[in-house]
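K.L.:
no sequence on this one, just coordinates:
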């Protein structure tokens, strides 16, 4: 696919951002950054604390959080929360559902922690779903005190059901980064449902948020008081809880991220809540799945339809298609960030279909792909 002629301008989408994260940021969110007494002011003072309070209340409403759960904010992204969990939630050992890059990385953090047993893994190949049963043990027959898995695997586009795992006092910890805000979920099935805001919430990075159960807060306080465990303040979930209920973070947050997140939550609530957001994403993703099902050159990477993501669509192309050249041709005309996750597949494109992605732009993307495939002989 060398020297492909430019795609006709009338086929191009109005907005060519299809990244799987960071996602599109709506213009109204950018405009909100001009709010007086917010940017460049102290996060310990009333204007920013009111902003954090609005975010916490908005998320509580959006997710219909159960009684006793807290919306907790912390510095760093969702990957920082892995270390928070390793420090503040896992007593001795954890079991992981691993079906992509992010579940694998969380498990690797446990392996590196000198105070914890090696991670217990239930794994599936990329594009398939791995599910924990709650009966997992290590080689010595010891049971986990944390069960962890992603609600959605950004690297592959696999969606998992959300369900409580295990019994007794074992905690269920769910990585929701790339689907939270675009899917209905029963948060009561989890003890920590955590995310960062640069995906469905169309914001920027530098922040993690978690919906934390009373049991998880008790565990965090227990480990905070443990005499045999080093716990840096930055990774201490009990401190994050204490600050969040005061509508602040432990350290200075990115105020712009908070402003854009607050504006997006209000938009989501106005546009039908989680039902409305899921419907928007499903309408956009179905355009791509229908196209793949009807094409001889492309197929959905996730073979099981019930496991296919509606916010990150991974498409696998025939060997005859040069997907790197395809991506380069799209980027040359402003259609960007559709490359596969590194190491997952050489013949793939990965396309974000967030709630802010109009169906018309996805239809235009398909028209562009068809045009390139037809003119690439």
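P.N.:
Structure's in. What do you need? Remember, it's a predicted structure, so these values are computed and weren't measured experimentally.

K.L.:
what about the strands in the stretch 51-200 of the chain?
P.N.:
Secondary structure of the stretch 51-200 of the chain (DSSP state E, counting those that start in this stretch): strands located at 70-75, 94-98, 120-123, 146-150, 152-153, 158-159, 171-175, 192-195.

K.L.:
need the longest helix for the protein.
P.N.:
helix 273-294 (DSSP state H).

K.L.:
one step back: quick check: which of the strands of the stretch 51-200 of the chain is buried the most?
P.N.:
strand 152-153 (a mean of 30; mean count of other CB atoms under 10 Å). C-betas here are computed from N, CA, C, even on glycine.

K.L.:
ok so, going back, buried residues, the longest helix of the chain. List them.
P.N.:
Residues of helix 273-294 classed as buried by neighbour count (16 or more other CB atoms under 10 Å): 273-274, 277-278, 280-282, 284-289, 291-292.

K.L.:
ok, back up a step: using CSV, lay out the strands of the stretch 51-200 of the chain together with mean pLDDT and distance to residue 356.
P.N.:
CSV is the format used below for the strands of the stretch 51-200 of the chain (pLDDT from 0 to 100; distance: least, CB to CB, whole Å):
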stretch, mean pLDDT, distance to residue 356
strand 70-75, 97, 22
strand 94-98, 98, 29
strand 120-123, 98, 33
strand 146-150, 98, 22
strand 152-153, 96, 17
strand 158-159, 97, 19
strand 171-175, 98, 21
strand 192-195, 98, 16
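
K.L.:
okay if I get those as JSON lines plus distance to residue 137?
P.N.:
What follows is these, written out as JSON lines (distance: least, CB to CB, whole Å):
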{"stretch": "strand 70-75", "distance to residue 137": "30"}
{"stretch": "strand 94-98", "distance to residue 137": "8"}
{"stretch": "strand 120-123", "distance to residue 137": "7"}
{"stretch": "strand 146-150", "distance to residue 137": "12"}
{"stretch": "strand 152-153", "distance to residue 137": "24"}
{"stretch": "strand 158-159", "distance to residue 137": "25"}
{"stretch": "strand 171-175", "distance to residue 137": "16"}
{"stretch": "strand 192-195", "distance to residue 137": "22"}
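
K.L.:
thinking again about what came up before, tell me which strands and helices the longest helix of the chain is in contact with?
P.N.:
Helices and strands touching helix 273-294, by 3 or more CB pairs under 8 Å, 6 or more residues apart in numbering; DSSP states H and E, are helix 255-270, strand 298-300, strand 312-317, helix 359-374.

K.L.:
so what strands line up beside the third one?
P.N.:
For strand 312-317, sheet partners with direction are given as strand 298-300 (antiparallel), strand 348-352 (antiparallel), following DSSP bridges.

K.L.:
gap between the first one and the chain center?
P.N.:
Relative to its chain's centre, strand 298-300 lies at 23 Å (CA atoms, centre = their mean, to the nearest Å).

K.L.:
now it: mean pLDDT?
P.N.:
The average pLDDT within strand 298-300 is 97.

K.L.:
list the buried residues in it.
P.N.:
Within strand 298-300, the residues that count as buried by 16+ other CB under 10 Å are 298, 300.

K.L.:
how about residue 80: what's its closest non-neighbour residue?
P.N.:
Nearest residue to residue 80 in three dimensions, chain neighbours excluded: residue 208, at 5.7 Å (CB to CB, 6 or more residues apart in numbering).
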